[in-house]
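Q: Predicted model follows, preceded by the sequence.
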Amino acid sequence: MINLSFNQMNNIGMRYVLDKLSCSTPYGEEKIRKIKVYSPVERQALIAELENVSKTIEFLPIMKESFDKVEHSFMCMKDIRRSIAKCQEVVLDEVELFELKKFLLQLEILKPAFDDINERASYNSIHIDNCVEALDIIDPECNRNATFYVSDINNKRLKEVRNEKKFIENRLRTETDESVKKELHDIRTKLAIEQDEEEKIVRKQMSQALAEYREKLEEIIESVGKLDLTIAKARIAMEYGAVMPEIADDGNCEFVECVNILVSDSLKKRSRSFTPVSIELVNGTTVITGANMGGKSVALKTIALNTMLVHVGMFPFAKRVKVKLLDSMHIISEDLENVDRGLSSFGAEIVQLKEVLSDYENSMILLDEFARGTNPEEGALIVRAAVMYLNQANAYTLMTTHYDNVAEYSKAHYQVWGLKDIDFNKVRQEINAGLDGVEAIEKSMNYGLYKTDAKHSCPHDALNICRLLGLDENIMKIMEKLY
C-alpha cells in the first residue's frame, strides 16, 4: 500500500488538497484525517468510490435544493459514536441521550433529501435510514422536539413521584410557617432522590434498548461519513476542473495536462499561471532533463500528487489520467532528507535508494535530482547505473536530473522547454525597468515538457541565466571559454 510520510505528503501538495476538503460532519472529517488509500486488490471498491464522486458532480448542480438539505443536516450532527458504543454497559446521561435524539431527528430530515438524490444517483455502498425505532425509544411520546426529557409514560412510579414533588413545591411557595416549610423541604429532598433513581431506571432501560440498534446506527454513521466525504471530493473536483481517471490493468501511465494546485494557487497570488504537465510513464525509467529553474521538480511532484489522488478515490487535476493501481510509491528527494539520521543529503539518498530496491515491485519510484549531493563525475555515474538497473524493474520510475549522458540509458526522455524561445532583449528590458531578475526569467520560462530523443543532451541554460541575472562580464567570459 502507498504510505508516504507526512513530509512527503506535504511536499507533493497532498496535504494541501486534503486541507481543502471541507466536510460538515465529524464522521466525514475523520475520513479525511484517515484517508483510505486503495491497493490493487481493492480495485472494484476504488472504482465504486470514484463513480460516487462522478454521480455527485453530475447531480449537484441540478439537485441543489436536495443537496443543501443534506448538508444542512450534516452541519447539525455531533459525534455520537462514543455514546452508541457504551450504551449496552453504561447508563447514558441526559446529555448523551439528548445528542442521540438530535442525531436521529436529523436523520428524519436527511433521509427524504438523500432518497430524492439517490433515486437518480444510485450511490454505491451508501445507505441512509432514519432508524425510527431508536428514536421512539428516546422519544416514546413521539413529540419529536429537539429537546430531551426523561418520559414517565412507561414508569408509573416516576409519574407519581413527579406529581407529589410538584404538589410539595407548590405548597412551599405559599407556606409561611417555618417549621412546616422545613418539613416540606425534607419531603421534597426525598422525592427528588427517588425521582433521580426512577429516571436512572428509565435511562438504563433506554440505553439497553438502544444497544440493540448499535450496529444499524454505526452503519448509518459510516454512510453519512462516506456521503459527506464524497460531496467534499466532488466539490473540489468541480472547483479545479478535475477528471474521472482511467484505471489501467497494465501498460503505460498517461498524464495529460496535470496541475499541482498547491503550486497553481501560489502562482495565482502572484498573477501567474501554472503550466500543465503532460507525460507518459513506461515500465522502466523515464527521465526529465531541462533548464535550471525549469520546473523539473514541480513536474515530478505533480505526477506524484495526481497519482496519489487516484489512489485515495479522488479525481486528478488534469484533462486525462490513466494509471495502474500501485502497491507502493517511493519518493527520493533532497528536500525530504531526514537530517536526524546524521547523514549528508547524498548519504540519506543512498539509504533511501537501498530501501526502495528492497521493495519496488509494482511501484512508482520518483527520484528528484538524485545524487546531486556528490561530485558531478561520480554523481552522473551513479545516476546512470540507477537508470539502467531500474529499467529492468517492474516499476514506473520518473527521474529528474541535470547530469549529461543519463537520458540515453532511459526508456523515455522528456525535456523542459525552458529558455528555447526566450526573448533575451525583452527580459533585459524588464530587468532594467526594475523587475526582479529571477521573476523576469520565471515569467519567460516555458515549463512545458516535450518528448525527445533519449540521446538528446541536457540543455545548458545556466550560462544564459547567469547572463540575464547580470553576473560580472569578466567571469562570464571565463565561463564561455571553459564551456
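A: It's in.

Q: Tell me the first helix or strand C-terminal of the helix-or-strand element of the chain with minimal mean pLDDT.
A: Counting by mean pLDDT, DSSP states H and E, the chain has its least confident helix or strand at helix 437-444, which shows a mean of 66. Next along the chain after helix 437-444, taking DSSP states H and E as the criterion, comes strand 446-452.

Q: relative to its centroid, which residue of this structure is most remote?
A: For the chain, the largest distance from the centre (Cα atoms, centre = their mean) belongs to residue 177, which lies 70.1 Å off.

Q: check contacts around that one.
A: Not one residue lies near residue 177 by Cβ atoms under 8 Å, 6 or more residues apart in numbering. Quick note: C-beta positions are derived from backbone N, CA and C, even for glycine.

Q: So the protein: which segments form each domain?
A: 6-150+209-233, 242-482 (automatic domain parsing).

Q: And these, which one averages the lowest pLDDT?
A: For these, the stretch scoring lowest in mean pLDDT is domain 242-482; its value is a mean of 84.

Q: Tell me the gap between that one and the middle of its chain.
A: How far domain 242-482 lies from its chain's middle: 24 Å, per Cα atoms, centre = their mean, to the nearest Å.

Q: and what of stretch 29-40?
A: Worked out by Cα atoms, centre = their mean, stretch 29-40 lies 8 Å from the chain centre.

Q: next one: stretch 75-95
A: 28 Å.

Q: which residues are contacting the strand or helix carrying residue 285?
A: Element membership for residue 285, per DSSP H and E: strand 284-289. The contact list for strand 284-289 (Cβ under 8 Å, 6+ apart) reads 279-280, 296, 299-300, 387, 390-393, 396-402, 406-407, 409-416, 449, 458-459.

Q: ok, 7 Å please
A: Residues from elsewhere that reach strand 284-289, judged by Cβ atoms under 7 Å, 6 or more residues apart in numbering: 296, 299-300, 387, 390-391, 397-401, 406-407, 410-416, 449, 458-459.

Q: just to revisit the earlier point, could I get the domains of the chain as a markdown table with mean neighbour count and distance to residue 194?
A: Shown next, in a markdown table, are the domains of the chain (neighbours: other Cβ atoms under 10 Å; distance: least, Cβ to Cβ, whole Å):
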| stretch | mean neighbour count | distance to residue 194 |
| --- | --- | --- |
| domain 6-150+209-233 | 17 | 13 |
| domain 242-482 | 18 | 55 |
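
Q: Mind putting those domains into a markdown table with distance to residue 167?
A: Formatted as a markdown table, the domains of the chain follow (distance: least, Cβ to Cβ, whole Å):
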| stretch | distance to residue 167 |
| --- | --- |
| domain 6-150+209-233 | 19 |
| domain 242-482 | 62 |
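
Q: Those: which one's closest to residue 187?
A: Among the domains of the chain, domain 6-150+209-233 comes nearest to residue 187, with 21.3 Å by Cβ to Cβ.

Q: Do me a favour and get the end-to-end distance for that closest one?
A: Counting by Cα to Cα, to the nearest Å, you get 21 Å between the two ends of domain 6-150+209-233.

Q: quick one: that domain to chain centroid distance?
A: Worked out by Cα atoms, centre = their mean, domain 6-150+209-233 lies 17 Å from the chain centre.
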